[in-house]
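In: below is the sequence, then the predicted model.
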Amino acid sequence: MRFTKKWVLVTLIGVAVLAYFAASTFRANSVAVISPQTGPAVEAIYATGTVEASVMLPIAPRSAARLMQLNVDEGSTVTKDQVMGQLEDTDIEKTVQELQAREVLAKREYNRRAVLIKTGAISKGAYDQARAEWDASKAALARAEAQQNFLRLIAPENGLVIKRDGEVGQLIPANQPVFWISCCAPLRITADVDEENITDVKPGQKVLIHSDAFAGKVFNGTVQAITPKGDPIARSYRVRIGFTEEVPLMIGMTAETNIVLHESKDALLVPLSAVKNNSLLLVRDGKIVKQKVTVGARDKTRLEIREGLTKADVVVKSYDSNLIEGASVRTHQAKIEKEQENP
């Protein structure tokens, strides 16, 4: 009787062990799977930039003088040759008046000698001297008048005053801009793109633009140009982006740009967790199949698969390196998180 009880106990223990390992095997080989989803996918390079005028013209005096008059201010529209401001020119004005008087006298003397030479009353040398003195006085007057004009801040083109640096009574050094005007071309964005991404950027690529000043709005643009020399410290290159539509953005605003490299409306999408080292795990006929894939765009939760996957495939939701190719597995359908619906 004791012998029988002993074997019964051993048998029960064996059954328990086998049940444990069977349950463990079932749990290990039961995997969550999903079907690839379809939806829009955009692969883009992100960069921050600043809205600026395509052409900005500085208006500065050629010589130092005190600012005496301001005719326009920031935000003013100006026309070509319009006097925007006036610097002190009292001294040069007196010089101009003096040279005007000398030019008048030199002209009279020349005209008098022109009459006398016809009668032989004076020599050819005296006539030539009078002509030279008149020419010299005209040149001196023209130079003084030009210097006087340099003290007038004149708009070189039609445009918009975007900045003014100077107040009436302030001494303005030579070549220091008092006004900046934008003209001749629409606004643009200058963005800094990391050097590791710049080789993928090409002129003509579509750009999606966001600005905190206009939350929720997307503006469209295109890549216009890429600077050939990068910044070795920031390790970035400047990219010029033009707008393809009228925008309410203002000069100096910060903009977030997404340079579109690839765009698909019906891309195959899987969870990010399903892919590792450009491979994912499929279940075919109850067995694990390791599949190499070509990936594309991604967002916070999903990844585009360009090659190596069909819509009919069954994909292991979370890549598990412990699942060996050819291993038998049982599957159950996993839920697709709600946030994954909008890549």
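Out: Right, received. Where do you want to start? Numbers count the residues shown, from 1 in each chain.

In: contacts and neighbour counts: CA atoms only from here.
Out: Noted.

In: CA atoms of stretch 324-337 as CSV?
Out: This file holds the C-alpha atoms of stretch 324-337, laid out as CSV (Å, rounded to 0.1, in the frame of the first residue of the first chain):
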residue,chain,number,x,y,z
ILE,A,324,13.6,32.0,-33.5
GLU,A,325,12.8,31.8,-37.2
GLY,A,326,10.7,28.7,-37.8
ALA,A,327,9.5,28.4,-34.3
SER,A,328,5.8,27.5,-33.9
VAL,A,329,3.7,30.1,-32.2
ARG,A,330,0.1,30.8,-31.3
THR,A,331,-1.2,34.3,-32.1
HIS,A,332,-3.8,36.7,-30.8
GLN,A,333,-4.8,39.9,-32.4
ALA,A,334,-3.5,43.0,-30.7
LYS,A,335,-5.3,46.3,-30.5
ILE,A,336,-4.0,49.3,-32.4
GLU,A,337,-3.6,52.3,-30.1
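
In: contacting residues around it?
Out: 26, 29-34, 283, 286-290, 317 (C-alpha atoms under 8 Å, 6 or more residues apart in numbering).

In: list only buried entries from these.
Out: 29, 31, 32, 33, 34, 283, 287, 288, 289, 290, 317 (16 or more other C-alpha atoms under 10 Å).

In: what segments of the stretch 101-250 of the chain are strands?
Out: Secondary structure of the stretch 101-250 of the chain by DSSP state E, counting those that start in this stretch: the strands cover 152-154, 159-164, 171-172, 179-182, 187-194, 206-210, 219-226, 236-243.

In: mean confidence for the last one?
Out: Averaged across strand 236-243, the pLDDT comes to 96.

In: let me know the angle separating that strand from strand 206-210.
Out: 90 degrees (axes from the mean of the first three to the mean of the last three C-alpha atoms, to 10 degrees).

In: the next helix or strand after strand 236-243 vs strand 206-210, what angle?
Out: For strand 236-243, the following helix or strand on the C-terminal side (DSSP states H and E) is strand 254-271. Inter-element angle recorded for strand 254-271 and strand 206-210: 110 degrees (by the same axes, to 10 degrees).

In: tell me which strands strand 254-271 pairs with, and in which orientation.
Out: Sheet pairing of strand 254-271 (DSSP bridges) gives strand 37-53 (antiparallel), strand 206-210 (antiparallel), strand 302-307 (antiparallel).

In: mind listing what's buried along it?
Out: Under 16+ other C-alpha under 10 Å, the buried positions of strand 254-271 are 254-261, 267-271.

In: same check on stretch 122-133?
Out: In stretch 122-133, counting by 16+ other C-alpha under 10 Å, buried: 127, 130, 131, 133.

In: low-scoring stretches of the stretch 201-343 of the chain, by residue?
Out: Residues of the stretch 201-343 of the chain meeting the criterion pLDDT under 70: 336-343.

In: mind putting the strands of the stretch 101-250 of the chain into a markdown table with distance to residue 52 and mean neighbour count?
Out: Supplementary listing: those in a markdown table, determined by distance: least, C-alpha to C-alpha, whole Å; neighbours: other C-alpha atoms under 10 Å:
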| stretch | distance to residue 52 | mean neighbour count |
| --- | --- | --- |
| strand 152-154 | 22 | 22 |
| strand 159-164 | 10 | 20 |
| strand 171-172 | 26 | 18 |
| strand 179-182 | 9 | 23 |
| strand 187-194 | 6 | 23 |
| strand 206-210 | 14 | 21 |
| strand 219-226 | 14 | 19 |
| strand 236-243 | 10 | 22 |
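
In: so which of the ones you listed is nearest residue 56?
Out: Evaluated over the strands of the stretch 101-250 of the chain, closeness to residue 56 peaks at strand 179-182, with 4.6 Å, by C-alpha to C-alpha.

In: what's the closest of the buried ones among the contacts of stretch 324-337 to residue 147?
Out: residue 317 (78.3 Å).

In: from residue 261, how far out is the closest one?
Out: Separation of residue 317 from residue 261 (C-alpha to C-alpha, to the nearest Å) stands at 27 Å.

In: could you do residue 182 as well?
Out: 31 Å.

In: what of residue 252?
Out: In terms of C-alpha to C-alpha, residue 252 sits 27 Å off from residue 261.

In: equivalent analysis for residue 331, please.
Out: 37 Å.

In: domain assignment for the protein?
Out: 45-55+186-263, 57-88+151-184, 89-150 (automatic domain parsing).

In: so what's the gap between the last one and the chain middle?
Out: Just to be clear, that refers to domain 89-150. When distances are taken as C-alpha atoms, centre = their mean, to the nearest Å, domain 89-150 is centred 57 Å away from the chain's centroid.

In: how long is that domain end to end?
Out: One end of domain 89-150 to the other measures 10 Å (C-alpha to C-alpha).

In: what about it, average pLDDT?
Out: pLDDT averaged over domain 89-150 gives 93.

In: then stretch 53-71?
Out: 91.

In: return the alpha-carbon coordinates of it using PDB.
Out: Extracted in PDB, the C-alpha atoms of stretch 53-71 (Å, rounded to 0.1, in the frame of the first residue of the first chain):
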ATOM      1  CA  ALA A  53      13.200  89.900 -46.200                       C
ATOM      2  CA  SER A  54      14.800  88.500 -49.400                       C
ATOM      3  CA  VAL A  55      16.400  91.900 -50.100                       C
ATOM      4  CA  MET A  56      17.300  94.200 -47.200                       C
ATOM      5  CA  LEU A  57      18.900  97.600 -48.100                       C
ATOM      6  CA  PRO A  58      20.800  99.600 -45.500                       C
ATOM      7  CA  ILE A  59      20.500 103.400 -45.800                       C
ATOM      8  CA  ALA A  60      23.500 105.100 -44.200                       C
ATOM      9  CA  PRO A  61      25.400 108.400 -44.600                       C
ATOM     10  CA  ARG A  62      28.800 108.400 -46.200                       C
ATOM     11  CA  SER A  63      30.200 110.900 -43.600                       C
ATOM     12  CA  ALA A  64      29.600 111.500 -39.900                       C
ATOM     13  CA  ALA A  65      27.000 114.100 -39.100                       C
ATOM     14  CA  ARG A  66      24.200 114.900 -36.700                       C
ATOM     15  CA  LEU A  67      20.700 113.600 -37.600                       C
ATOM     16  CA  MET A  68      18.400 116.600 -38.000                       C
ATOM     17  CA  GLN A  69      15.200 115.300 -39.600                       C
ATOM     18  CA  LEU A  70      13.300 112.100 -39.900                       C
ATOM     19  CA  ASN A  71      10.700 111.900 -42.600                       C
END
